[in-house]
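Asks: Next one to model:
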Amino acid sequence: MTISDRIRSRLGLLVCTSCRNGGLAARDEHLLCTNCGTAFQVVRGVPRFVPDDSYAQSFGFQWNVHARTQLDSVCGKPISRNRLFETTKWPADLSGQTILEAGSGAGRFTEVLVTTTATVISCDLSSAVDANYRNNGDNANLLIVQASLLNLPVRPRSMDKVICLGVIQHTPDPAESFSALANCVRPGGELVIDVYAARLRSLLSWKYLLRPITKRMKGEKLYGLIERATPVLFPISEFLYRILGQFGLRLLPIVHYPKLNLSPGLSLRWAVLDTFDMYSPAHDHPQTLAEVKRWFDKAGFADVAVEYGPNGIVGRGRRPAGPV
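Replies: Numbering: from 1, shown residues only. Modelled structure (predicted):
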């Protein structure tokens with residue numbers, strides 16, 4: 001199946017992001033709205049529904065620099081796979097279903113989702129879609145698009161499953177972002193998110209002390225600073241972890257994951273990547289359990305579970321099969 005054929009075969013799931021009414025037709029290197037005539041470019045195999053990265057430029061930068069750092073296929077460990085299935089509680093076989101992955105980054109979870117054999121539409125606002133396409137674009141059951149979470153190019157209430165991990169807190173309005181995701185879930189379908197938790201121990205950290213400065217720095221300059229500082233601080237962090245455990249990891253302004261048991265070189269690359277990921281985003285809005293629960297309730301979801309998880313707060317819910 002060629003890239004052109006793959007896009008054509010998924011057009012029935014897509015909608016124009018300009019008028020929200022028209023379907024899309026493939027024409028040369030564009031997708032044309034059948035209602036308003038708006039043309040969307042297809043660049044390097046990826047339909048582009050936004051003109052640029054907007055507030056997500058730092059993510060585009062980091063995921064193209066670290067395109068393969070967090071892939072299970074590179075780590076040799078099922079780190080992303082375990083997090084995805086422990087968070088979602090989904091079975092490994094989702095044949096015949098359609099999944100929307102919002103905020104794909106370089107595709108660490110995309111790599112896992114395509115193994116379910118579901119049809120996967122994976123989107124990101126940033127140029128990280130190019131890294132994801134290089135990593136996963138050969139999968140016939142995958143369509144990658146560049147689009148805003150607030151204006152997704154999928155038909156309302158059409159997705160069997162919607163997943164958004166590690167993203168909502170980085171949008172300007174997390175509640176509005178959640179609502180946009182919920183609107184994509186079909187009756188009987190499921191939505192799973194995770195979001196940073198607004199807990200005292202998290203808020204009293206190096207991240208929120210330094211972010212007022214670092215989020216205003218140019219990405220390349222900040223990355224260069226972190227790339228130089230992390231190898232110096234990394235062995236100190238390892239020493240503090242050995243004598244003080246998890247508390248020791250909080251004493252230095254870098255990220256370190258000794259429990260993942262990665263090779264020394266890969267562990268250092270994860271540290272550089274996630275330290276940059278911690279300080280660079282334009283937005284970082286942690287949430288409470290009660291607030292996330294309100295999001296699901298307002299959207300009319302049932303079987304809602306909101307709890308602390310590996311990346312903060314995990315929320316799961318199902319849109320009732322009958323009229324809402």
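
Asks: drop to CA atoms for contacts and neighbour counts, all remaining ones
Replies: OK.

Asks: Tell me which stretches of the stretch 201-324 of the chain form strands.
Replies: If you assign secondary structure with DSSP state E, counting those that start in this stretch, the strands in the stretch 201-324 of the chain sit at 302-309, 312-318.

Asks: In terms of secondary structure, what does the shortest one contact?
Replies: So the one you mean is strand 312-318. strand 185-195, helix 289-298, strand 302-309 (3 or more CA pairs under 8 Å, 6 or more residues apart in numbering; DSSP states H and E).

Asks: Export the longest one to PDB, keeping only CA atoms.
Replies: Which is strand 185-195. Coordinates of the C-alpha atoms in strand 185-195 are reproduced here as PDB (Å, rounded to 0.1, in the frame of the first residue of the first chain):
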ATOM      1  CA  VAL A 185     -15.300   9.400  21.200                       C
ATOM      2  CA  ARG A 186     -18.200   7.400  19.700                       C
ATOM      3  CA  PRO A 187     -21.000   6.100  21.900                       C
ATOM      4  CA  GLY A 188     -19.600   3.000  23.700                       C
ATOM      5  CA  GLY A 189     -16.100   4.200  23.100                       C
ATOM      6  CA  GLU A 190     -13.300   4.900  25.600                       C
ATOM      7  CA  LEU A 191     -11.100   7.900  26.500                       C
ATOM      8  CA  VAL A 192      -7.900   7.600  28.400                       C
ATOM      9  CA  ILE A 193      -5.700  10.500  29.400                       C
ATOM     10  CA  ASP A 194      -2.900  11.200  31.900                       C
ATOM     11  CA  VAL A 195      -1.900  14.600  33.200                       C
END
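
Asks: Give the rounded mean pLDDT of it.
Replies: In this model, strand 185-195 has an average pLDDT of 98.

Asks: Equivalent analysis for the second one, please.
Replies: Helix 289-298 shows an average pLDDT of 98 in the prediction.

Asks: what packs against that helix?
Replies: With contacts taken as 3+ CA pairs under 8 Å, 6+ apart, helix 289-298 sits against helix 174-182, strand 302-309, strand 312-318.

Asks: Could you check it and say which residues are buried?
Replies: For helix 289-298, the neighbour count (16 or more other CA atoms under 10 Å) marks 289, 292-293, 295-296 as buried.

Asks: In JSON lines, list the residues you listed along with distance to residue 104.
Replies: Below are the buried residues of helix 289-298 laid out as JSON lines (distance: CA to CA, whole Å):
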{"residue": "289", "distance to residue 104": "24"}
{"residue": "292", "distance to residue 104": "21"}
{"residue": "293", "distance to residue 104": "24"}
{"residue": "295", "distance to residue 104": "22"}
{"residue": "296", "distance to residue 104": "22"}
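
Asks: Next, the closest residue to residue 171 other than its chain neighbours: phi, psi?
Replies: Nearest non-adjacent residue to residue 171, counting by CA to CA, 6 or more residues apart in numbering: residue 283, 6.0 Å away. Backbone torsions for residue 283, taken as degrees, to the nearest 10, come to phi -130, psi 140.

Asks: wait, isn't residue 283 in contact with residue 167?
Replies: No - no contact is recorded between residue 283 and residue 167 when judged using CA atoms under 8 Å, the distance being 10.1 Å.

Asks: rewinding a little: right, so the helices and strands packed on helix 289-298: which one is the most enclosed?
Replies: Across those, the average number of neighbours (mean count of other CA atoms under 10 Å) peaks for strand 312-318, which reaches a mean of 22.

Asks: the inter-axis angle of it versus strand 302-309?
Replies: Inter-element angle recorded for strand 312-318 and strand 302-309: 170 degrees (by axes from the mean of the first three to the mean of the last three CA atoms, to 10 degrees).
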